[in-house]
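J.: this one's sequence-less:
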């Protein structure tokens, strides 16, 4: 069991921000990453389709040699985690609760902003969970559908991105938020722009580090941490062309992964 | 045969601009529309994935009662039309050649601009075809990956859209284009912005009308036009939730289609 890998699932490259933190905190663990790049993005699709696609991903992981699965996509975490758990003999960790808990911990004025995809925000999963932790907290949400395309285009610093971010954040700032939860794994790449728009008074919460801590806690709790001192071999799987993914992954992870990257057909996982 | 429908395929809603022109020019014809909304967009995916998805769409149409199929998606027309033709007993009409022919007809200085998705532009299909019609024409291309998300968000008139369009078109204008082919079925919705950025000296070419004329020519040539005077019943199929599609279709077509709209699973069409 200890030798098995840690599965990480995302619709595309965004989950690599989570993979990076897990590699940092748990350098001995083997990562098995799956990005459904042929069918991305998930964030503006229906709950039914998102659950269908992510159930196929779960069936893929259950045939891999993994001991735990991280759902590193906020949209899937918000909409489909409970449905996936009903069909999974392995522990599943989402990115929503770790980020929300951190937000609740750091807010001082108890007004928290949440940004994410349409599907994530419409699900109201963040605000329900935060209210369950502390009913007195005010939650202000905004879906930001243009941010994922901007990040994917690499428009991380230009004027247009600043304008679009301002448009989305202004209503949250008017409500007096002092904490902003980045409810999409693409958003950490825009941290500089967010902070310029919000000013230093607002704390940005990125769930990737919190998720890595949760993975560590679960592996320790079950005593299934990998102990071998040989370096772990990571594996990456994608449903569209590997070349484009390898290029972007190099930016996220700072290393070449093309030799451990493989294309698969997730549609074969239909039942 | 005459009673059979005209199939129209697109990755999403963009092909409705083509459906509208066909309904106008051939009001007796029954339309069978398919939008692969669960897996859109196609325009930034690999040729292999685009051919795989559109082959599933073809197999779907071959089980429907249609006499001809319009591939109303520029990306599929540019990358997969020949592969589809090899497996189709029915005539297939793409949107690329009709638009390109019109561009060649209207240019005066013989410098033509083409804009489209990454996959369309990278395929070089437009410039190859234009060069085959007239080798002396200069073609200048630019992929505009942020325009589809902007249209899908309904940001049709605001400052950000103007800035993004300017960014994409400036290099084409510097090359002296007098004609701009809108090589993506979403783009006609941005005609006003394009024209403001290019000025009146540049002619915008939208292939939808040309495609409708080509459909008419083929139906006449084969003598398979529908003759019944009873109003045609159109059918719409989508792979994601019908509600969202119905809302947008109402904007494109000016009428309610929810009662003739059905969700299907294209992945069942895998061979």
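T.: On my side now, so go ahead. None of these values were measured; they are calculated from a predicted model.

J.: for the nearest residue to residue A:96 once chain neighbours are set aside, which three-state class applies?
T.: Leaving out its chain neighbours, the residue that sits closest to residue A:96 by CB to CB, 6 or more residues apart in numbering or on different chains is residue A:77, at 4.2 Å. (Each C-beta comes from the backbone N, C-alpha and C, glycine too.) Assigned by DSSP: H, G, I helix; E, B strand; the rest coil, the conformation of residue A:77 is helix.

J.: burial check on residue A:77, number of neighbours?
T.: Using other CB atoms under 10 Å in any protein chain shown, the number of residues around residue A:77 comes to 31.

J.: so it sits right up against residue A:99, yeah?
T.: No. Using CB atoms under 8 Å, residue A:77 is not in contact with residue A:99, being 9.1 Å away.

J.: using the three-state scheme, assign the closest residue to chain B within the stretch 51-200 of chain A.
T.: Among the residues of the stretch 51-200 of chain A, residue A:149 lies nearest to chain B; the distance is 4.2 Å by CB to the nearest CB. Following three-state DSSP, the label given to residue A:149 is helix.

J.: tell me the contacts of it?
T.: Going by CB atoms under 8 Å, 6 or more residues apart in numbering or on different chains, residue A:149 touches B:145, B:146, B:149.

J.: show me which of those residues is closest to chain A.
T.: Using CB to the nearest CB, the contacts of residue A:149 come closest to chain A at residue B:149, 4.2 Å.

J.: so which bits of the stretch 151-271 of chain A are right by chain B?
T.: A:152-153, A:155, A:159-160, A:163-164, A:167, A:239-241, A:244, A:267-268, A:270 (CB under 8 Å from any CB of the partner chain).

J.: just the buried subset of those, written out for PyMOL, thanks.
T.: In PyMOL, a selection of the buried entries from those looks like this (16 or more other CB atoms under 10 Å in any protein chain shown):
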select buried, chain A and resi 152+155+160+163+164+167+239+240+241+244+267
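
J.: low-confidence stretches in the stretch 101-250 of chain A?
T.: By pLDDT under 70, the stretch 101-250 of chain A has no low-scoring segment.

J.: now do the helices in it.
T.: A:118-123, A:125-133, A:147-152, A:159-174, A:191-198, A:208-221, A:242-253 (DSSP state H, counting those that start in this stretch).

J.: adding distance to residue B:33, write those out as a markdown table.
T.: Shown next, in a markdown table, are the helices of the stretch 101-250 of chain A (distance: least, CB to CB, whole Å):
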| stretch | distance to residue B:33 |
| --- | --- |
| helix A:118-123 | 24 |
| helix A:125-133 | 33 |
| helix A:147-152 | 25 |
| helix A:159-174 | 32 |
| helix A:191-198 | 39 |
| helix A:208-221 | 41 |
| helix A:242-253 | 30 |
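
J.: how about those helices, which one is nearest residue B:195?
T.: Of all the helices of the stretch 101-250 of chain A, the one in closest proximity to residue B:195, counting by CB to CB, is helix A:159-174 (20.4 Å).

J.: what angle separates that closest one from helix B:159-174?
T.: 180 degrees (axes from the mean of the first three to the mean of the last three CA atoms, to 10 degrees).

J.: follow-up on the earlier one: ok, the residue nearest to residue A:96 - contacts?
T.: A:71, A:94, A:95, A:96, A:125.

J.: quick one: buried ones out of those residues?
T.: A:71, A:94, A:95, A:96, A:125.

J.: quick one, phi psi at residue A:256?
T.: Phi and psi for residue A:256, reported as degrees, to the nearest 10, are phi -80, psi 130.

J.: wait, what's in contact with it?
T.: Contacts of residue A:256 (CB under 8 Å, 6+ apart): A:246, A:250.

J.: of all the buried ones among the contacts of residue A:77, which comes closest to residue B:87?
T.: residue A:71 (37.4 Å).

J.: what residues are up against that closest one?
T.: Here residue A:71 is in contact with A:9, A:54, A:77, A:81, A:84, A:92, A:93, A:94, A:95 (CB under 8 Å, 6+ apart).

J.: sort out for me which of those are in helices.
T.: A:54, A:77, A:81, A:84 (DSSP state H).

J.: by neighbour count, which of those residues wins?
T.: In those, the most neighbours by other CB under 10 Å go to residue A:77, 31 neighbours.

J.: in the stretch 151-271 of chain A, what residue is nearest chain B?
T.: For the stretch 151-271 of chain A, CB to the nearest CB, closest residue to chain B: residue A:241, 3.5 Å.

J.: what's the closest non-adjacent residue to that residue?
T.: Nearest one to residue A:241, counting by CB to CB, 6+ apart, is residue B:46 at 3.5 Å.

J.: then residue A:258?
T.: Nearest to residue A:258 is residue A:246, by CB to CB, 6+ apart, at 4.3 Å.

J.: so what's the one you found up against?
T.: A:256, A:257, A:258, A:261.

J.: one more time with 6 Å, if that's ok
T.: A:257, A:258, A:261 (CB atoms under 6 Å, 6 or more residues apart in numbering or on different chains).

J.: I'd like to know how far the last one sits from residue B:15.
T.: Here the criterion is CB to CB, to the nearest Å. By it, residue A:261 lies 33 Å from residue B:15.

J.: and residue A:70, what pLDDT?
T.: As predicted, residue A:70 sits at a pLDDT of 98.

J.: actually, residue A:257.
T.: Residue A:257 is given a pLDDT of 94.

J.: how about it: what's its closest non-neighbour residue?
T.: residue A:249 (5.0 Å).

J.: go on, residue A:21?
T.: residue A:212 (3.9 Å).

J.: circling back to that earlier point, okay, and which of the contacts of residue A:246 map to strands?
T.: Those of these mapping onto strands are residue A:261, per DSSP state E.

J.: what mean pLDDT does stretch A:14-25 have?
T.: Per-residue scores along stretch A:14-25 average to 96.

J.: in it, what counts as buried?
T.: So stretch A:14-25, judged by 16+ other CB under 10 Å, has buried residues A:14, A:15, A:16, A:17, A:18, A:19, A:20, A:21, A:22, A:23.

J.: in helices only, show me these.
T.: A:16, A:17, A:18, A:19, A:20, A:21, A:22, A:23.

J.: and those, which is closest to chain B?
T.: Closest to chain B, out of all of these and judged by CB to the nearest CB, is residue A:16, at 17.5 Å.

J.: separation between that closest one and residue A:151?
T.: On the measure of CB to CB, residue A:16 and residue A:151 end up 12 Å apart.

J.: please apply the same query to residue A:142.
T.: Residue A:142 is 17 Å from residue A:151, by CB to CB.

J.: and residue A:106, by the same measure?
T.: Residue A:106 is 24 Å from residue A:151, by CB to CB.

J.: these two - which one has more neighbours?
T.: residue A:151 (20 against 14).

J.: pull the contacting residues for the more buried one.
T.: A:186, A:189 are the contacts of residue A:151 under CB under 6 Å, 6+ apart.

J.: next one: the one 4 residues further on
T.: Residue A:155 is in contact with residue A:161, counting by CB under 6 Å, 6+ apart.

J.: and for residue A:74?
T.: Taking CB under 6 Å, 6+ apart, one finds A:95, A:116, A:120, A:183, A:184 in contact with residue A:74.
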